[in-house]
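Asker: Sequence and predicted structure below; questions after.
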Amino acid sequence: MFREVNTKINFLQLEEDILRFWKEQGIFNKSIEIREGRPHYAFYEGPPTANGSPGVHHVLSRLYKDVVCRYKAMSGYHVPRKAGWDTHGLPVELEVESSLALTSKAQIEEYGVARFNDHCRQSAFKYIKEWEAMTERLGCWLDMAHPYITLDNSYIESCWWIMKELWDKDLIYQGYKVTPHCPRCGTSLSSHEVALGYDEADDPSVWVKFKLDLAQPRGSETARSLLSSTVPTYLLAWTTTPWTLPGNTALAVAPEADYAVVEVDD
């Protein structure tokens, strides 16, 4: 004899009942405790910034991580999962600037850097309850009660310790890298930040005249015959980055390209 199976399952209610049972019985913590002494598999969450509501992409990434951690736990590993919060970076600062109606570094300094930083700390955790509720509702197991936070001195100290270890092992070198730059914020931008703010805009291009010194004509006989030392002659160049012109030291020409000499009226 088998107990009759209800064909009208309320899956939503079933999910909520399971989540409630996990929470009330502390199943997550117990699942870690019973595996102490087993091979260790550490997980530190790539910390999100909690000054904005979680989006669909956060749901997906958190589920992917949860699946991997559960798989390793079911494979016999001891898998503590450390949650984290990223409290640094432009997203926090820009939101605070907007809320305080500040538009420049000078205004921030006039307002007071310490006061501005206090607002940033508050903003960094503005939506933390939403993040915790989302994580719990998804059934993701993370140690949200003991997260690492990037503004804590203990975390900052650990980063400096890591840098010191890398330095001692001669694994750090000085070099150059081209990065996107925000002229308003006065800082480099990550590719992610650039993508978030991408917008098409009309940008002027400039034609620039570079005067030639023809006192001592050089080049082929044809070139010398076309160019006159008595008539002002210019090379005409086109650029979409006119702000680089003050730093120009030379104008390059292609030896195999065709150029035209054009006489125009003033």
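Answerer: The structure has been received and is ready for your questions. This structure is a prediction, so every number in the text was calculated from the model and none was measured. Residues are numbered from 1 along each chain as shown.

Asker: Mind checking the pLDDT average for the helix or strand containing residue 72?
Answerer: Using DSSP states H and E, residue 72 sits in helix 56-74. Helix 56-74 shows a mean pLDDT of 93.

Asker: partner strands of the following helix or strand past that helix, parallel or antiparallel?
Answerer: Following helix 56-74 in sequence order, the next helix or strand is strand 81-85 (DSSP H and E). Here strand 81-85 has these sheet partners by DSSP bridges: strand 43-44 (parallel), strand 143-149 (parallel).

Asker: okay, those strands in JSON lines with mean pLDDT, distance to residue 71 and mean neighbour count next?
Answerer: Using the backbone N, CA and C atoms, a C-beta is placed for each residue, glycine as well. Below are these laid out as JSON lines (pLDDT from 0 to 100; distance: least, Cβ to Cβ, whole Å; neighbours: other Cβ atoms under 10 Å):
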{"stretch": "strand 43-44", "mean pLDDT": "94", "distance to residue 71": "12", "mean neighbour count": "14"}
{"stretch": "strand 143-149", "mean pLDDT": "92", "distance to residue 71": "18", "mean neighbour count": "15"}
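
Asker: before we move on, the earlier item: and the helix holding residue 72 with strand 81-85, angle?
Answerer: 160 degrees (axes from the mean of the first three to the mean of the last three Cα atoms, to 10 degrees).

Asker: The closest residue to residue 38 other than its chain neighbours - how many residues pack around it?
Answerer: Closest residue in space to residue 38, ignoring its immediate chain neighbours: residue 78 at 4.4 Å, by Cβ to Cβ, 6 or more residues apart in numbering. Residues lying near residue 78 (other Cβ atoms under 10 Å) number 18.
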